[in-house]
Every structure is written in C-alpha cells, then in structure tokens.
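In: predicted structure and sequence below. I'll ask about it afterward.
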Amino acid sequence: MQRRQLLIAGGSLMALTATAGCAAGTALGASASAGSLEADARVARAVLPVQTPRAELLQPWTGPYGGVPPWDKVTAAKLREALLEGIELQRADYNAIADNAEAPTFANTLVAMQMAGEPLDLVGNIYGVMTSNIGSDDYNAVDTELSPLLSAAGDEISFNAKLFQRVKTVADNADAMGLTAAQKRIATRSRDSFIRSGAALDAAGKAELGRINTALANAFTAFSQKVVADENTWTVIPNEAGVAGLPASNKAAAAAAARNRNLQGWAIINTRSSVDPFLSFADDRALREVVWRKFVNRGDNGDRNDTNSTIAEIVRLRQQRARLLGYRNHAELRMQDTMAKTPAAAMELMNRVWAPAKARVTEEVADMRAIAGHDIEPWDYLYYSEKVRKQKYDLDQNELKPYFELNNVRAGSFEMARRLYGFTFEKLAPGTVPVFHPDVVVYEVKDAGRPIGLYYTDDYARAGKRSGAWMTTYRSHSTFDGPKNTLGSNNNNFIKAEGGEPILISLDDAETLFHEFGHTLHAYSSNVVYPALGGTPRDFVEYPSQVHEHWVLSRPILNGYMKHVQTGQSMPQALLDKVEAASTFNQGYATVSYLSSALVDMDLHTQATPPTDIDAFEKASLERYGMPKEIVMRHRLPQFNHLFTSDSYSAGYYSYLWSETMDADTWAYFEESGDVFNPDIARRFKEIMLAPGNTVDRAEAYRAFRGRDPDVRALLKVRGFPTS
C-alpha cells in the first residue's frame, strides 16, 4: 500500500489498495469538479519541493500503458539504493507540507499528502514483489535492512506534530471550509488514523512507539523469512509405491519437482499446493503422516527457522503498543476501522457458525470411520473424505481435474469478467513490457473497449517465492491528479509441468484462481477520485473476491471454457449434478480448519497478558473452543503468515467469514433473479460495491445494493448448516 494511503486507511500494509471508486450516483461533480481538482492539484504541487531523484528505480515509470514497472532494470543493489534515497525524498515532501506558512487547506495539506513520496511509492511496489515473488538471498538482505528503516520513516510522518495539526485543523473545520463529502471523509479519517498511529502522544510516548514499531518491522521480516525457508523443503519418495493413488498430473508434478532439485524419485514440496493433493489421494498412510507432520510443523521444529520466540515478541510488542495508544489490547486497536468495529461483534458471528461446523465434523468423521475401520487422524481426513465423497455422491475429484486445465480456467475467468462488467483481457506478446520473471504473462485490460491497464500473472511455485495465492496492485486508479491506468497482478503457486504437459488443477484451485481474480476485478472497477479513499476495511476486502468464486461452476463458464482436456467436451450435466449435490460435503472440515485459525487469532490478540509459550497457548485455546482432534488449524500459529508478516490480518482473520456473509447473500441475489449473469444486478454490484472504494461507508453501500443488511442465513445455507 502506498504510504499516503496507509496514513488514511489506518495502517494495513496488505489492504487492497485498488478497491476504489465513486459511490453509485456519485458522479465526479458530486465530489469535486474537474476544474476544482485541477486547481487543488496545482496548489498541492506548489507546496512540494522540486526534486530530481538520482536512483534509477526512483525515476517515473515510462513506456506504454501509462508507464510500466522497469522490472528488467531491477537488482537488489539498485533497489536498496532507491529505497534509501526515496526515504529522504519522502521526508522532504512531508516536511514541506508541515512547514508551509500558508493556513491549512484541503488542497495544500490533504491533496499534497497524497502526492508526497511518490518516488518511494513506485520503488515500494517493486520492493514488495521482489521480496514476495523472488525472495532470493540478496533481496532478503535488502528486506532485513530496509524494513525497520521504512517503518521508522512512516513513524516520522505520523509523529510530525505540525503535520498532524494541519490535518486536524482541516478535519475539525471541514464544514466551514466547504469540503465535499468525500473530502470531509478523507480529512476525518486521516486525523483519526494519525491519532491511532501515535500523533497525540507526548515526546516520550512517540519515542517508545517508534521503538516498538521498528522492533515489529524486524520481527515481521524474520518471521516471513523463516517460514519461507521451511516451505523450501520437501519429502523425497524414492519408490513409485509411495505415490500410489496420486492422479497422474500430481505424480508428474512431484517427479518434475524431484528432477528440478537433482533428486531421484518424487518430491512433495512443503507447500499446500503440493501437500494437499498428496494427503487427499496417496494410499500410503505412513507417508501421509510424514508429509502432514512436516507441513503442519513449519516454523515449529526448534531449529534456526523456529518462529515461536518471534511470535511471542510480536504479540508482546503489539500489546505494549495498544496500551500506549489507550486500548486494552491489540484487537481493539486493529478493529477501530472495520465493519465489525469490536472483537465482540466478530466473535458473535464466529460463534454463530462454530457450533454447527463442529457438529458437522462429528458426522463426517463417523462416515469416514465406517470406511476406514479405524480412528481418523488429521493425515487421514482428506484421504477418507474422498472415499466418502465417492461412496455418497459417486464423485471422484479426479473426474473433475481434466476439466480444469490452467489456461482454460484463466480464460473462463476472463469470460466471467466480460459478461459481468465488460472487461476484456488480451495477452501481450512476450517482451512487450518488462517482467520480473520469465513465467510472468501480461494482458492488456479494456473496459467496454477502453484501455484501462495491465494484468500480470505469476502462476508457478519457485524457491524463495512465498506460498499461497495473492493479488497485488502496482498502480491504483485515481483521478485527483489526472487519470491513471491500473496495473494489477495475481500470484499462484502451481507446480509447473514439463514437456508441454497440461497443468490440471483441482476445483478448489480453480475457485482460488477466481477468488484472487475477484480482487483484481475490484481494482479494475475503481472509479475513485482520491487515492486516500481507495482502500476498504479489512473485513470488507475479501467480499468481492469470495463472491466471484461462485461463477466457476456456472453453466455458461463450464460450457465455454472448462472443457475436458482430452475430449474437448463440456462437463456433462450428470457430473455437474453430482458436484452440486456434494457442494456442502466436507464443509465441517473446511469451516473448522479455517474458523479455528480465526478464533485463535482473536483469542491471542485479546489477552491481557500476552503468552510466552506459543505452542502451549495454541493448544489451550483450541481446547477451550473444543477443537475436534481429527482436524488441525488451517494455519497454525508458527506459520500463520497472515498474522505475523505484518499487522494486516492480525485480529482480522475473521474477516473472511464476515465477508462471506455478504458474499453468500449477494450470490443468493443473483440466483434468485434466475440469471447468475443478471446484467442489472452486475451493473449495480460494480457501481455500488466495487467502484466506490471507501468513499461511502461499506455497510451503507451494501444496504443500497441489496436493500437490507446481509442475512447470515445465506452463509449457513451455502455451507449446508441449519439456518434456524
């Protein structure tokens, strides 16, 4: 997230910066006229010093499509040089705003702040990609050195008393100054964010908060690098009997992984995309246990990559910070700028779902024991659930994979975007724009034929790349200083096949691809004026992504794109009927594995006294919630990147469930219309929910879209739980 957005959005480094726009019915004139925007921009630019960056990576992006990142010029040394200089340039910008002799106005303070530090913003986007997608030793060294310096640079802005006073003056006098609703919202949110960031503390308090934030930055980097190191390990299976039961595509991927590491046999890489298929299909129970233990103990092996002491330090520092800022705990502080507002509200929703989810697990385990003839252990759950699925629904997940070839799934996601929103994606020839790795594929994006940006995809796992799937925005849309093309990306960790073999992914993987693409569609829908209103609350940000998962199995997408890789035929209705009949199958497992992680997150961050023994706390917390012994948390604390690589999802992992309540209710709206591509609902969804960013309160926006608050019963129905 760009620093100018970070200040106003409330400090979420991983928030979706491109989810922005104007509210439905809020045309440009209702926020500010084109003329007034231009005039404000002139005033703001006049405040900032004229600077000529020296570092190559601080130069304005050039080339086609409104300028593109210079990936072909990036090295770790150049990145370090640019970040260090960028901090200095940012300091000069903010000092000029703070020291301005003119009385504070929205233009000379808040607009200027959104322009300040632009060179650092540019190189910061490159920094995030090189540390997440490449993650080699040289970039890790830059990350270790620079992350505390960047944290300190952010604190320097938050602690600037003159700057805060200018922002506070504008916010406190917004009505008298005649600010528009959007401008008033920016000023008010910026003032409140400054306060949550320590601006109202005395000198000693600011010094202490700065120390805490720097220590946290160091701890976040250490945690991330340790987990990545543990994920860059594998289990070698020397004999083919050890991979018996695996689908051919997964066996081929495991064989390729072994060859790429100069190993004999098959290698199960210690990442979810490699481990989950093995746990689902491998017949060798002893090997499943080995692979499972290696995976769930990432960061928890008592070696140099053990994260327990790092986590203890993080939660201790977070509690110190919360108390310093006047909050009882970290969760209270983090939830000030969310839809839920309080830990109690988040817990109420989680508890509403937790009990029926546990009850469903009991049923699922009974079905599996009947087949297995023995107790179900965590390394058995996915394997025997597939046996139950076959028995109950005559459905084998391996029947589905030939319909989900990676390129076809991507094409299907593009068709969804076209039918819903008018977006089209055209692949660029290699070399048209620079990329940071040869695996990256780039597409030009158009909205109803009008070019609006580029879409970068990085689909394959590699050593150093962090695991999972995520969306990144290199440049977000805004119009306050002239329109900007949106540059978005999606990142996955599929195992690359060799020799041109098709890459077949699971239905779950296909839904994940549509999920991350939903984040990107949120970015391309942006119609925001001011980047300060480009982000959305943490517990809203997953909503646009989650709702797009539903279209994977819509008949128009299946018929046109998800065709059998060998026969070219669409999925027969009989098979789709089986999938739909089994749509709530194993939801006990899926819900409990996710929700246990969210509950432990909230439990950890509402403790009056932070725990020092993290493993013991995790165990005790799960016991209090009655965690079924057959399931492990989706993310155990020692590898919980969402919580400990930044503050972003800390005390916020519940947000997926909060968002899913809106997502399920929205999908019901489409279904009840009789057309899941209903053009009127799609148009209103884009205009009211996707485009406005945080220009209007998100709860108010949902009521405007749906005519009421979201109904939690839709979520329970989607998961197959009782709705009464």
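Out: The structure has been received and is ready for your questions. Please read all numbers here as calculations on a predicted model, not as lab measurements.
In: any low-confidence regions in the chain?
Out: 1-32 (pLDDT under 70).
In: show me what the helix or strand that contains Trp667 packs onto, helices and strands only.
Out: Assigned by DSSP states H and E, Trp667 falls within helix 655-672. With contacts taken as 3 or more Cβ pairs under 8 Å, 6 or more residues apart in numbering; DSSP states H and E, helix 655-672 sits against helix 343-372, helix 538-541, helix 543-548, helix 587-604, helix 698-706, helix 712-718. Glycine gets a C-beta too; all of them are placed from N, C-alpha and C.
In: Val68: which of these is closest?
Out: Val68 lies closest to helix 543-548 among the helices and strands packed on helix 655-672, at 24.6 Å (Cβ to Cβ).
In: helices or strands up against the closest one?
Out: Counting by 3+ Cβ pairs under 8 Å, 6+ apart, helix 543-548 packs on helix 507-524, helix 655-672.
In: for the closest residue to Thr109 other than its chain neighbours, give me its contacts.
Out: Nearest residue to Thr109 in three dimensions, chain neighbours excluded: Arg166, at 4.6 Å (Cβ to Cβ, 6 or more residues apart in numbering). Arg166 makes contacts with Ile97, Ala98, Asn100, Pro104, Thr109, as judged by Cβ atoms under 8 Å, 6 or more residues apart in numbering.
In: stretch 550-564: which residues count as buried?
Out: By neighbour count on 16 or more other Cβ atoms under 10 Å, the buried set for stretch 550-564 is His550, Trp551, Val552, Leu553, Ser554, Ile557, Leu558, Tyr561, Met562, Lys563, His564.
In: dump stretch 433-452 to CSV, keeping only the CA atoms.
Out: C-alpha atoms of stretch 433-452 as CSV (Å, rounded to 0.1, in the frame of the first residue of the first chain):
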residue,chain,number,x,y,z
VAL,A,433,6.6,-4.9,-21.4
PRO,A,434,9.3,-5.9,-18.9
VAL,A,435,8.5,-8.7,-16.4
PHE,A,436,10.3,-9.8,-13.2
HIS,A,437,10.5,-13.5,-14.2
PRO,A,438,10.1,-15.4,-17.4
ASP,A,439,7.0,-17.2,-16.0
VAL,A,440,5.0,-13.9,-15.9
VAL,A,441,2.4,-13.4,-18.6
VAL,A,442,0.9,-9.9,-19.2
TYR,A,443,-2.5,-8.9,-20.6
GLU,A,444,-3.9,-5.6,-21.7
VAL,A,445,-7.2,-4.8,-19.9
LYS,A,446,-10.1,-2.9,-21.5
ASP,A,447,-13.4,-1.7,-20.1
ALA,A,448,-16.0,-1.8,-22.9
GLY,A,449,-13.2,-1.4,-25.4
ARG,A,450,-11.4,1.4,-23.5
PRO,A,451,-7.9,0.6,-22.3
ILE,A,452,-7.6,0.8,-18.5
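In: of the buried residues of stretch 550-564, closest to Glu511?
Out: When those are compared for distance to Glu511 (Cβ to Cβ), Val552 wins out at 5.3 Å.
In: relative to Trp667, how far out is the closest one?
Out: In this view, Val552 and Trp667 are 12 Å apart by Cβ to Cβ, to the nearest Å.
In: cool, and Gln183?
Out: The value you get for Gln183 to Trp667, if Cβ to Cβ is used, is 35 Å.
In: deepest in the core, which of the helices and strands packed on helix 543-548 is it.
Out: Highest mean neighbour count among those (mean count of other Cβ atoms under 10 Å): helix 507-524, with a mean of 24.
In: returning to that earlier point: what angle separates the helix holding Trp667 from helix 587-604?
Out: 140 degrees (axes from the mean of the first three to the mean of the last three Cα atoms, to 10 degrees).
In: of all the helices and strands packed on helix 655-672, which lies closest to Val528?
Out: helix 698-706 (13.4 Å).
In: so for that closest one, what gets flagged as buried?
Out: Buried residues in helix 698-706 (16+ other Cβ under 10 Å): Arg698, Ala701, Tyr702, Ala704, Phe705, Arg706.
In: repeat for stretch 453-467
Out: 453-462, 464-467.
In: would TSV of these with secondary structure and distance to Leu657 be doable?
Out: Below are these laid out as TSV (DSSP: H, G, I helix; E, B strand; the rest coil; distance: Cβ to Cβ, whole Å):
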residue	secondary structure	distance to Leu657
Gly453	strand	31
Leu454	strand	33
Tyr455	strand	29
Tyr456	strand	30
Thr457	strand	28
Asp458	strand	28
Asp459	strand	28
Tyr460	strand	30
Ala461	coil	28
Arg462	coil	32
Gly464	coil	32
Lys465	coil	28
Arg466	coil	24
Ser467	coil	22
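In: which of these sits closest to Leu324?
Out: The nearest one, if we look at the buried residues of stretch 453-467 relative to Leu324 and count by Cβ to Cβ, is Arg466, at 30.8 Å.
In: what sits against the closest one?
Out: Going by Cβ under 8 Å, 6+ apart, Arg466 touches Ser132, Asn133, Gly135, Ser224, Val227, Val228, Glu231, Asn641.
In: what's the first helix or strand after the helix holding Trp667?
Out: Defined by DSSP H and E, the subsequent element after helix 655-672 is helix 679-684.
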